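Novice: Got a predicted structure here, sequence first:
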Amino acid sequence: MEYTIVGFPRIGEFRQLKRATESYWKGEITREELLARVKKQTLEQWDVEKNAGLSQIPVGDFSFYDQVLDTAFLIGAVPARYRAPGLDRLDTYFAAARGYQGEKGDVKALTMKKWFNTNYHYIVPELDDDTAFALRFDELKATILLAKENGVAARPTLIGPFTFLKLARFKGSKSAADYVPALLAVYKELLAEIAKVHDGWVQIDEPQLVKDQSAEDIALFKRIYADLLAAKGNKILLQTYFGDVRDCYKELVALPLDGIGLDFVEGKKSFDLVEENGFPEDKVLFAGLVNGKNIWRTDYAKKLDQLKRLGAVAKNVVLSTSCSLLLVPYTVKNETKLPAEVTRHLAFAYEKLAELAELAALAENADFASAPSYAANRKLFDEAALRIDPQVQDRVKALTEKDFRRDTPRPERQALQRKVLGQKLFPTTTIGSFPQTAAVKQNRSRFRKGEITKDEYDAGVRSFIKDCIALQEEIGLDVLVHGEFERNDMVEYFGENLAGFVFTENGWVQSYGTRGVKPPIVFGDVKREKAFTVPYITYANSLTEKDVKGMLTGPVTILNWSFPREDVPIKETILQLALALQDEVCDLEKAGVRIIQIDEAALREKLPLRRADWYVDYLDFAIPAFRLASALVKPETQIHTHMCYSEFEDIIPAIDAMDADVITFEASRSQLSILDSLKENHFETEVGPGVYDIHSPRVPSVEEIKAALRQMLEKIPAENLWVNPDCGLKTRGETETAASLKNLVRAAAEIRAERAS
Ligand code: GLN
Ligand code: ZN
């Protein structure tokens with residue numbers, strides 16, 4: 001049986017790509033050096049994939065920043081403002097990805113959004129009336145030729161035209177349909193060019209198909225593919241992932257495709273679709289059976305059984321992953337500190353390659369049950385369940401309806417809080433973290449390496465906190481933060497302080513661009529053993545007359561940015577987390593902290609891709625979990641929350657139902673499009689839509705911020721409006737941060753003065 005994967009990680013086993021790219025940005029290495037390093041890494045990775053015995057290797061799954069942005073550059077959909085400064089191609093690409101401010105001009109980055117239901121972010125393509133697609137095949141061509149030269153059984157991979165169009169934002173007067181003829185022409189040219197240098201399979205990703213499809217969507221999809229496939233020169237694999245294709249399965253199998261890739265892990269209906277409708281004999285089913293998104297070992301007995309079921313329906317089956325391995329780290333081999341009891345349950349990208357090989361071999365072995373690989377796998381799954389704590393489980397079972405509610409209704413609380421906390425109109429604040437300077441990072445790494453004691457480390461953190469409070473007072477912010485210098489990552493830090501998690505040393509996955517995250521692994525039942533945020537927060541509060549927010553990461557976000565267990569339902573782990581945080585919230589309040597922020601940065605991203613599943617599979621327990629964490633505080637204690645990405649227009653009532661007093665969120669990158677919906681829904685929570693984009697180093701002007709605030713005031717009652725950046729400032733430099741915040745405070749003061757006069 002043949003086996004393959006949908007895509008591979010690209011950041012490098014030890015994040016070499018990050019280091020190379022950032023050095024290039026700083027001017028420390030040349031473009032040639034950067035390209036040389038990428039080439040070396042690409043060749044090494046292909047070797048790994050070759051040695052693993054994959055029959056086809058995805059090529060073109062590499063990206064400097066994001067594959068959707070790559071597609072935009074490949075087909076010439078680059079907005080004029082990025083071309084205007086006259087930067088070369090690579091720098092134009094980086095300008096579109098992260099903004100550019102320099103000798104040649106000043107442009108903001110394109111919008112960034114979460115890639116379907118993951119924590120990976122893509123750059124939103126922007127199409128305007130002047131967009132004229134034009135193929136730039138040279139880079140992809142070079143990669144394909146390089147693969148050929150190196151004996152790689154390449155399968156060039158592309159983001160499909162349907163998904164591209166659906167993800168795009170239309171800036172001019174045209175709509176999606178208007179772009180179809182030109183888009184088709186450029187994709188056809190692309191396929192023709194590929195066929196000139198490549199003989200074999202081409203993979204076209206259309207993950208958009210796993211979302212709800214309207215009749216028009218399906219018509220558009222059919223129209224695109226009927227035309228595109230008429231001219232194909234290679235075998236085409238249409239690859240889907242992150243769900244099932246229930247709205248268009250029949251249309252899909254009727255197309256003249258050579259292969260179809262389906263996700264049998266997240267696709268709740270994938271088996272039903274195939275079994276009820278059959279699968280055409282002339283096509284290959286790329287069966288996504290090995291989970292590309294989680295890090296647990298694959299249960300061979302279960303998967304062999306599933307393969308058998310598929311084999312009964314489909315004549316040609318290639319074993320594959322459910323999605324690209326981009327979403328898991330490279331290898332368990334680089335984990336030296338985890339006990340064997342843990343590591344034997346884990347499979348990262350390399351281990352998944354080995355699992356595919358073993359599974360494929362077992363699938364052809366009539367006597368698989370006596371194979372050693374099968375026996376070893378069986379033993380793993382017969383082992384006792386992962387670390388269980390009956391007390392934690394009982395506490396969750398004992399919860400009742402009233403445990404999820406604050407006693408005083410929100411409008412009463414808000415009035416009381418304004419009075420007790422003395423908050424003026426348009427309070428200014430930040431989201432929590434301040435720049436993680438070299439000194440901050442050094443303090444942490446020296447402690448980790450054992451070069452300084454816990455007390456020395458602590459003294460370091462306290463000195464950063466002290467400087468941060470002084471800086472915020474100088475800038476004139478109203479509600480302060482301690483700066484989060486003790487946190488390497490907002491989820492990792494919480495995982496480290498709660499029982500039930502394990503951590504990797506090198507388990508990085510790409511979040512956006514060169515930013516990686518190292519998600520903790522939920523390895524058992526979760527609880528908090530002792531207060532951990534209280535000491536730094538109370539220290540920060542002792543340094544100033546102003547309020548410093550207690551800063552926590554919420555239950556939903558902790559879980560969404562971790563690798564969850566597969567042996568217990570998500571709902572149960574979320575409630576365990578909520579109770580652990582509730583303990584911390586109560587301790588902060590007891591210590592005199594009057595404002596507590598519980599970040600739910602990642603609440604939106606695990607919203608099921610299909611509307612029918614939103615509440616039952618998610619919101620019905622995610623929203624109560626947030627309330628559970630904050631339910632026990634006094635009415636005058638102000639609960640804030642923060643969410644990244646304002647894409648919650650369609651779940652505004654659910655956001656309001658979190659019953660927070662204040663919410664801050666990203667808004668500047670999405671042009672404040674959420675304001676109307678807030679107004680329409682009579683949003684009750686006080687709001688701070690971010691007034692500038694922190695993902696970019698550019699400094700917003702006072703005028704720019706004032707303009708944003710004026711726009712907000714058209715839709716949000718003045719007494720509900722907060723003024724803050726988009727998100728935490730940890731990735732920013734110190735100079736641009738101080739400059740930006742000064743402008744923010746000035747803008748708020750000027751708007752306040754305008755209203756008073
Ligand atoms: N409080 C966190 C910070 O400021 C929130 C980060 C986030 O939303 N991603 O860093
Ligand atoms: Zn954020």
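Specialist: Arrived safely. Ligands and ions are numbered 1, 2, ... in the order given.
Novice: pLDDT score assigned to residue 232?
Specialist: Predicted confidence (pLDDT) at residue 232: the value is 79.
Novice: count of neighbours near the nearest residue to it once chain neighbours are set aside?
Specialist: Distances taken as CB to CB, 6 or more residues apart in numbering place residue 191 nearest to residue 232, at 5.6 Å, with adjacent residues excluded. Quick note: C-beta positions are derived from backbone N, CA and C, even for glycine. Neighbouring residues of residue 191 were enumerated by other CB atoms under 10 Å; the total is 19.
Novice: which ones are touching residue 191?
Specialist: Each residue near residue 191 by CB atoms under 8 Å, 6 or more residues apart in numbering is listed here: 202, 228, 231-234.
Novice: For my notes, confirm it occurs in a helix.
Specialist: Yes. With DSSP: H, G, I helix; E, B strand; the rest coil as the criterion, residue 191 is part of a helix.
Novice: do you know how far it is from ligand 2?
Specialist: Between residue 191 and ligand 2 the computed distance is 39 Å (CB to the ion, to the nearest Å).
Novice: Quick check on the residue in the stretch 201-350 of the chain positioned nearest to ligand 2: phi, psi?
Specialist: Across the stretch 201-350 of the chain, no residue is closer to ligand 2 than residue 327, which sits at 20.0 Å (CB to the ion). Note on residue 327: backbone dihedrals following degrees, to the nearest 10 are phi -90, psi 0.
Novice: so how many other residues sit close to it?
Specialist: Around residue 327 there are 26 residues (other CB under 10 Å).
Novice: residues near the residue lying closest to it once chain neighbours are set aside, how many?
Specialist: On the basis of CB to CB, 6+ apart, the spatially nearest residue to residue 327 that is not a chain neighbour turns out to be residue 293, at 4.9 Å. Taking other CB under 10 Å as the neighbour definition, residue 293 ends up with a count of 21.
Novice: Please, a PyMOL command that selects the buried ones among the contacts of residue 191?
Specialist: In PyMOL, a selection of the buried entries from these looks like this (16 or more other CB atoms under 10 Å):
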select buried, resi 202+228+232+234
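Novice: Which one of the contacts of residue 191 is nearest to residue 440?
Specialist: Nearest to residue 440 among the contacts of residue 191, counting by CB to CB, is residue 202 at 46.4 Å.
Novice: And the next helix or strand past the worst-scoring helix or strand of the chain on mean pLDDT?
Specialist: With mean pLDDT, DSSP states H and E as the measure, the helix or strand of the chain carrying the lowest mean pLDDT is strand 112-114 (a mean of 89). With elements assigned by DSSP states H and E, the helix or strand that comes after strand 112-114 is strand 121-123.
Novice: For that next one, name the packing helices and strands.
Specialist: Using 3 or more CB pairs under 8 Å, 6 or more residues apart in numbering; DSSP states H and E as the contact criterion, the elements in contact with strand 121-123 are helix 67-74, strand 112-114.
Novice: before we move on, back to that, for the residue nearest to residue 327, grab phi and psi.
Specialist: phi -110, psi -20.
Novice: near ligand 1, which residues of the stretch 351-500 of the chain show up?
Specialist: In this structure, the stretch 351-500 of the chain approaches ligand 1 at residues 431-433, 484, 490, judged by CB under 6 Å from any ligand atom.
Novice: JSON lines please, covering those residues and showing distance to residue 1 and pLDDT.
Specialist: What follows is those, written out as JSON lines (distance: CB to CB, whole Å; pLDDT from 0 to 100):
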{"residue": "431", "distance to residue 1": "50", "pLDDT": "98"}
{"residue": "432", "distance to residue 1": "50", "pLDDT": "98"}
{"residue": "433", "distance to residue 1": "48", "pLDDT": "98"}
{"residue": "484", "distance to residue 1": "49", "pLDDT": "98"}
{"residue": "490", "distance to residue 1": "43", "pLDDT": "92"}
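Novice: Cheers, nothing more for now.
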